[in-house]
Structure formats: structure tokens, C-alpha cells
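A.B. asks: just coords:
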Ligand code: NDP
């Protein structure tokens, strides 16, 4: 049965739902209406102390469970998410302004899939052993780290939280998670589901509140052994420095300014479909979004026309309607930041092909909407082609040769993903090797396989998540060599 949203969204500590000890509260706003719908516990160090104590008490027994036993809890949690997809989707859509179709069909099922994946991966997570002579065995244990911090952003609140806590818990760690203060709802509902699944108290703790407050206290706490962070590059750099000072393990998934490169020989219809999804799904608030569209000059006008045609039927508006393609952006401040980038591009001489303004789905709407925007005419050094806007804004650039496409693609400080469109397998292979990115798609975009490594190079991150990489991150390798006396 669906849960009623509490007036004050509580923390989840030691299996209990608790308000912030010092009474701190924050307003939580629904981006599509601009209205406050609840308040959020704003945690302090007193709540962190409780969570550390609960987590440390739970850790030995949790780590001692067989992987299959830990997996049973995770499978149960995944099943309960699947059983409540419409409820999770409604909460996420209200909390973030996302189009409901996208959340219901893709995002929430993916969260369950992440958890199920790590429940089964831990059962197959083998460590090495070497017979090193008749009376010797040399083997490597993969032990959990202890208390780990999982910090996730607002753009995929449930999906990215599940992506971190599932491998951490599967590997035998205990978790203190800090969701974004802008999108706490599904993390709160997930904590209810964990309680319902019988997850032992203290194994997963969720502390709500401000990044600069409870987030900072969490990353700095001496008993937190590792930090898995997804968010902006500036925050990631700060977390890396705090982690370095205390020699914590740190994994950083950060921003992107990803190129989608269309060569003249590509299937242009499919490339245009992908470019629209890559640019405007989730209102462009995706770290992997194709915010730079690099188009071979000979097909530039034709491809531009294909994009504009698709945007004629792109539905911007009320996120709770299934026909909506694009809802609101996360906050008023974020909308102003996006519009600021568009104004700056205009001042720098850009031509706005479509969009470029804020939007009201109804005359009295107080929501935070930005039109899907296509921009052309700016050099690759311009801010709009270099900085992460994180909104529904795609900038078109042209190139004449493969080396030129590569130079433009590699011209930013980021290196998360790239999408290359060509029928020439030699070019696809050369480009995908030379492009500076952690993930390259050829003739597709955002096709994910949970077994594969995920992450970026340059200022897009440090380390990899996904597949075995997350299980390696959340464990410490210990090599043990045993010799014994006796006959061979
Ligand atoms: P932020 O870096 O602002 O915040 C991310 C998380 O960190 C939030 O929970 C935030 O809390 C918290 N936080 C902020 N300051 C601190 C601190 N000093 N110590 C500990 N925690 C802190 O990013 P956004 O939420 O704005 O997310 C958008 C960014 O995330 C974009 O740059 C995007 O590219 C990136 N991202 C990267 C992905 C990847 O896999 N590479 C995937 C998705 C997003 P609070 O919100 O409460 O301030």
C-alpha cells in the first residue's frame, strides 16, 4: 500500500525513522508547481554520531553473513521496488519535475535492476587462490571496508542511490547514505521498503540534509572508510581533497560535456532520434547527455532540419501526464543558471534555432520549466561548448574532417561519454580509441550493461563503478599465504 508522505521527512537510523536530533528542517519544493510540499530533516553531527554507532554495531554480523544471505535481502528489496513502481515513479516525478513516463518505464525499474544485479553479482564475486607448491596456498580475501558513505545527486535520485548502496551492502559493508536535499522522497520510501524487507537495523542508514552540513560531516568523519560520490566536479574535487587528507578510498562520478558526433554516412534518422533523447531527456539533466552536437558540414542543414522537425512534436509540460516528454528542471536557481547560459550565448553571437526561454504550462504556473533549446554559431572555445549547463540546451557545431571532429570532441576539460554515428567501422574504431572519455557509444547512446565499467576521465571523475568495479571499490584485498609442515 502506498505510504503517506510525512510532514517532516525523517532520517532512517538503526532501523528507525527519526527527526533530526537538533530539530533542523528544510523546505522541499515540487519543481513543476514551485510549491513546498513537505519539510525535510536537516541532519547535524548529532544524527551522524547515532548513524555511525548504529552502522558499526550492525557491521560484524552483516559482514559475517554468507553472500547468499545478504543477497536474499537485496532480492527482496528489489522485488518490493518492482511491486511499487507507480508509487516510486509518482514520488520521483513530483520531487524532481521529471516526466512520469520516463521515471515509470525506465528509472525506477532500473533501480530495482541495479539492486538485483549486485545481489547476484556478489554470489559470483570470486577471489583468486594460487597453489604455490605442495605445502603452500596463496589466496586473496576481499573483505568489506566497514562504514561507507554513499552521496548521490538529484538528477536520478533513486537510480543513483541504488547503484551505490547495492554493491556496498552486497559486499558486506554498512552504509550511511546522503541523498540530495532537493530530492529526498524516494530515498525515504526506499528506507521504508528496506525495513519491510527485514534488512537488519543499522545496515543501511539514510541521513537527509544539506551537502555543506551533514554531507561535509559525513565525508570528514574518521570512521567512514570510503566515499562513493556522484555529483558536480567542484564538489567532487573537494571530496577528493578531504578523502586524501585522511587516506579514505574515494570514487567520483562527476560532470560531463559529452559530444554526439554525426558523420555524413550515418543513419541520419536514427542519429536525430538519439540526439533528441541525448539532449532533452530528463530536461538535459543527465551527466551523459549529448549537449554538444558535432555535425559533418556536408549534412549540417539536413540534420538540423531533422532535429527541428522532431522538436515540433516534443511535449514540454506537466510531468505527471504520460504524454509529456520533458518536465520541469530541478529548481528555480537551476532554471536561472540555464537561462543565464542561453543569454550569454546570445550575447556572444549565437543563433537560437528553437527554444531559449522559460515556459509556463499554464498561466498561473509557478514551476521551473525551460524550453528545449538548440543553439548554433559558437566556436568550440565558447562557454556553452565548454561548461556543463545541465539543462535542455544543445549546441550545434560543424566539422569537415575526422581529425577536426576529434579535436573538437576532446576540447573540453570533461571526459565522461561520447556517441559516434557512422557506418564506417574503421572510423568508428579509430575515433572511439582516440576520444577522451570513459564510455563511447557507436550508433547508439546511453545503452547500459550493468556488467560494464562506468565512469569518466579528466574532470569527469576518478575510478569506475559498475560490474566488478564497484565490488572491488567496496572491498579491501588481503593476500594470505599459508605454508604447512608435512608430506606432499
Ligand atoms: P552536487 O555536487 O551539488 O551534489 C551532489 C551531492 O553531494 C548532493 O547530495 C549534495 O547535497 C552533496 N554535497 C554537496 N556538497 C557536499 C559536501 N561538501 N560534502 C558532501 N556532500 C556534498 O551535484 P548536483 O546535486 O548539483 O548534481 C548534478 C551534478 O552531478 C552534475 O554535475 C552532473 O553531471 C553530476 N552527475 C554525474 C553523474 C556521473 O555518473 N558521472 C551522474 C549524475 C550526475 P545537497 O544536494 O543536499 O547539496
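C.D. replies: That came through fine. The structure presented is a predicted model; accordingly, all values stated were derived computationally and were not measured.
A.B. asks: which residues in the stretch 101-250 of the chain form helices?
C.D. replies: Using DSSP state H, counting those that start in this stretch, the helices of the stretch 101-250 of the chain run over 108-123, 157-170, 185-196, 216-220, 233-245.
A.B. asks: for those, which one ends up most surrounded?
C.D. replies: Highest mean neighbour count of the helices of the stretch 101-250 of the chain: helix 157-170, a mean of 28 (counted as mean count of other Cβ atoms under 10 Å). Glycine gets a C-beta too; all of them are placed from N, C-alpha and C.
A.B. asks: remind me what it packs against, helices and strands.
C.D. replies: Judged by 3 or more Cβ pairs under 8 Å, 6 or more residues apart in numbering; DSSP states H and E, the packing partners of helix 157-170 are helix 67-83, helix 85-96, helix 108-123, strand 147-151, strand 174-178, helix 185-196, strand 226-230, helix 467-473.
A.B. asks: mean pLDDT and distance to the ligand added to those, as JSON lines?
C.D. replies: Putting the helices and strands packed on helix 157-170 into JSON lines (pLDDT from 0 to 100; distance: least, Cβ to the nearest ligand atom, whole Å) gives the following:
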{"stretch": "helix 67-83", "mean pLDDT": "98", "distance to the ligand": "20"}
{"stretch": "helix 85-96", "mean pLDDT": "98", "distance to the ligand": "11"}
{"stretch": "helix 108-123", "mean pLDDT": "98", "distance to the ligand": "13"}
{"stretch": "strand 147-151", "mean pLDDT": "98", "distance to the ligand": "5"}
{"stretch": "strand 174-178", "mean pLDDT": "99", "distance to the ligand": "6"}
{"stretch": "helix 185-196", "mean pLDDT": "98", "distance to the ligand": "10"}
{"stretch": "strand 226-230", "mean pLDDT": "98", "distance to the ligand": "5"}
{"stretch": "helix 467-473", "mean pLDDT": "98", "distance to the ligand": "12"}
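A.B. asks: which residues of the chain lie near the ligand?
C.D. replies: By the rule Cβ under 6 Å from any ligand atom, the part of the chain lying against the ligand is 151-155, 178-182, 210-212, 215-216, 219, 230-232, 235, 238-239, 253-256, 287, 388, 390, 416, 456, 461.
A.B. asks: one more pass at 5 Å, please.
C.D. replies: 151, 153-155, 180-181, 211, 215-216, 219, 230-232, 235, 253, 255, 287 (Cβ under 5 Å from any ligand atom).
A.B. asks: now restrict those residues to buried residues only.
C.D. replies: Buried subset of the residues of the chain next to the ligand (neighbour count, 16 or more other Cβ atoms under 10 Å): 151, 153-155, 180-181, 211, 215-216, 219, 230-232, 235, 253, 255, 287.
A.B. asks: how near is the most centrally placed residue in the chain to residue 210?
C.D. replies: In the chain, the centroid-proximal residue (Cα atoms, centre = their mean) is residue 160; its distance is 4.4 Å. For residue 160, the distance to residue 210 equals 18 Å [Cβ to Cβ, to the nearest Å].
A.B. asks: repeat for residue 395
C.D. replies: As for residue 395, its distance to residue 210 is 33 Å (criterion: Cβ to Cβ).
A.B. asks: more neighbours: which of those two?
C.D. replies: residue 395 (25 against 17; other Cβ atoms under 10 Å).
A.B. asks: show me how far the helix or strand encompassing that one is from its chain's centre.
C.D. replies: If you go by DSSP states H and E, residue 395 is part of strand 393-399. Remark: strand 393-399 is offset 24 Å from the chain centroid, using Cα atoms, centre = their mean, to the nearest Å.
A.B. asks: what comes into contact with it?
C.D. replies: 261, 275, 279-280, 284, 290-297, 300, 304, 338, 341-342, 345, 350, 353, 355, 370, 373-376, 378, 380, 384-385, 405, 408 (Cβ atoms under 8 Å, 6 or more residues apart in numbering).
A.B. asks: narrow these to just the buried residues.
C.D. replies: Counted by 16+ other Cβ under 10 Å, those give 261, 275, 279-280, 284, 290-296, 300, 304, 338, 341-342, 345, 350, 353, 355, 370, 373-376, 378, 380, 384-385, 405, 408 as buried.
A.B. asks: so who does the residue nearest to the centre of the chain touch?
C.D. replies: By Cβ under 8 Å, 6+ apart, the contact list for residue 160 reads 152-153, 230.
A.B. asks: lowest confidence element among the helices and strands of this protein?
C.D. replies: Lowest on mean pLDDT, DSSP states H and E among the helices and strands of the chain sits strand 129-131, with a mean of 88.
A.B. asks: same for that one, what does it pack against?
C.D. replies: Contacts defined by 3+ Cβ pairs under 8 Å, 6+ apart place strand 129-131 against strand 136-144.
A.B. asks: pull up the pairing partners for the strand it packs on, direction included.
C.D. replies: Partners of strand 136-144 in the sheet, by DSSP bridges, are strand 129-131 (antiparallel), strand 475-483 (antiparallel).
A.B. asks: among the contacts of strand 393-399, which are located in strands?
C.D. replies: Judged by DSSP state E, the subset of the contacts of strand 393-399 located in strands is 261, 292-296, 353, 370, 373-376.
A.B. asks: ok, so of those, who is nearest the ligand?
C.D. replies: The nearest member of the ones in strands among the contacts of strand 393-399 to the ligand, counting by Cβ to the nearest ligand atom, is residue 292 at 14.0 Å.
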